[in-house]
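Chemist: turn this into a structure:
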Amino acid sequence: MKSALGLLAGMAVIGASASAARAEDGAAQNILKAMSDYVSRQENLSLKYDADVEVVTPAVEKIQFSASGDVTMNRPNKFRVSRTGGYAEVELISDGSTVTVFDRGGKRFAQVPAAGTFDEVVDRLRNEAPVEIPGADLLLSKPYEELMAGVLEAKHIGRGVVEGVECEHLAFRNLDTDWQIWVEVGDRPVPRKYVVTSKAVGAAPQYTLRLRDWKTGVSQAQDAFSFKPPEGSSGVAITMLNDIDDIPAGVVLGGAK
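Modeler: Reported below is the predicted structural model:
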């Protein structure tokens, strides 16, 4: 009986030759642009997500950590994002002028000024906060430009099914990463799955994001983006929240190739 690894290797060779002819036909870029334009036009949206992040230890053991959450957004700059994992439960809340990072489990919160667009807030959080908005690049005002920056090769692989929904399957190559995205077929081209593979780290760890329950054009409650400190919680400096990552403290990561 052929081993699973041997079967996968054979499938990889066949798939590569079949998809190579589509590498330069522009279909991947066109589908990605349609997705980007659709999502960026939505003033109000909400969705649920599941995320898996892999790490590689110095012993070349690959370990995966999982989390789930919700995203609610009201352009240009209000949002509420939750993330629940095995090691931290976190909320990010922006009322348009201030972003609150709330560590539910530790009953701590930090606040930073965040006036400006969603794109500017994402930039600031990446530089100052210990958390990332899941799939932030997909929700920017110009996601196509952000996603295509540094792309060396694009392919329309074909169609696939994600959680029962037919999707266009696209694959892109950058210098240090390969990434794939599955875009819902039809008049609502939302992203349903996003996978980033690191080529700069041995064993090529992946980040996988599944996006579901998309809702657009729904008005949010008046207090949807306000934060009221729960009783018993305390405010801290943003630098104190360095232990609320998807990856728990104490996990040693492997080096680059």
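Chemist: got the buried residues for stretch 198-209?
Modeler: Ser198, Val201, Pro205, Gln206, Tyr207, Thr208, Leu209 (16 or more other CB atoms under 10 Å). Glycine gets a C-beta too; all of them are placed from N, C-alpha and C.
Chemist: quick one, phi psi at Glu145?
Modeler: phi -60, psi -40 (degrees, to the nearest 10).
Chemist: just to revisit the earlier point, by pLDDT, rank the buried residues of stretch 198-209 and give me the bottom one.
Modeler: Within the buried residues of stretch 198-209, pLDDT reaches its minimum at Val201, with 85.
Chemist: does that residue touch Pro58 like I think?
Modeler: No - with contact defined as CB atoms under 8 Å, Val201 does not count as touching Pro58 (11.6 Å).
Chemist: re the thing from before, pipe the buried residues of stretch 198-209 into CSV and attach distance to Ile133 and secondary structure per row.
Modeler: Shown next, in CSV, are those (distance: CB to CB, whole Å; DSSP: H, G, I helix; E, B strand; the rest coil):
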residue, distance to Ile133, secondary structure
Ser198, 20, strand
Val201, 23, strand
Pro205, 20, coil
Gln206, 19, strand
Tyr207, 13, strand
Thr208, 16, strand
Leu209, 11, strand
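Chemist: for the residues you listed, which one is nearest Ala171?
Modeler: Gln206 (13.2 Å; CB to CB).
Chemist: so the closest one versus Glu61, what's the distance?
Modeler: 15 Å (CB to CB, to the nearest Å).
Chemist: again with Gly150
Modeler: Distance of Gly150 to Glu61, computed by CB to CB: 30 Å.
Chemist: show the end-to-end separation of stretch 214-224, please.
Modeler: 17 Å (CA to CA, to the nearest Å).
Chemist: who's in contact with it?
Modeler: Gln42, Glu43, Asn44, Leu45, Ser46, Leu47, Thr72, Asn74, Lys78, Arg80, Arg188, Val190 (CB atoms under 8 Å, 6 or more residues apart in numbering).
Chemist: PyMOL command for the buried members of the residues you listed?
Modeler: To isolate the buried ones among the contacts of stretch 214-224 in PyMOL, judged by 16+ other CB under 10 Å, type:
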select buried, resi 42+44+45+46+47+72+74+78+80+190
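Chemist: okay if I get the contacts of stretch 214-224 as a markdown table plus secondary structure, pLDDT and distance to Glu166?
Modeler: Converted to a markdown table, the contacts of stretch 214-224 look like this (DSSP: H, G, I helix; E, B strand; the rest coil; pLDDT from 0 to 100; distance: CB to CB, whole Å):
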| residue | secondary structure | pLDDT | distance to Glu166 |
| --- | --- | --- | --- |
| Gln42 | coil | 95 | 21 |
| Glu43 | coil | 93 | 27 |
| Asn44 | strand | 94 | 26 |
| Leu45 | strand | 95 | 21 |
| Ser46 | strand | 95 | 22 |
| Leu47 | strand | 97 | 18 |
| Thr72 | strand | 95 | 26 |
| Asn74 | strand | 93 | 30 |
| Lys78 | strand | 93 | 32 |
| Arg80 | strand | 94 | 30 |
| Arg188 | coil | 96 | 12 |
| Val190 | coil | 98 | 13 |
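Chemist: just send the contacts of stretch 214-224 back as TSV, with distance to Ser219 too.
Modeler: As requested, those are exported to TSV (distance: CB to CB, whole Å):
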residue	distance to Ser219
Gln42	13
Glu43	10
Asn44	7
Leu45	12
Ser46	11
Leu47	16
Thr72	11
Asn74	9
Lys78	12
Arg80	14
Arg188	19
Val190	19
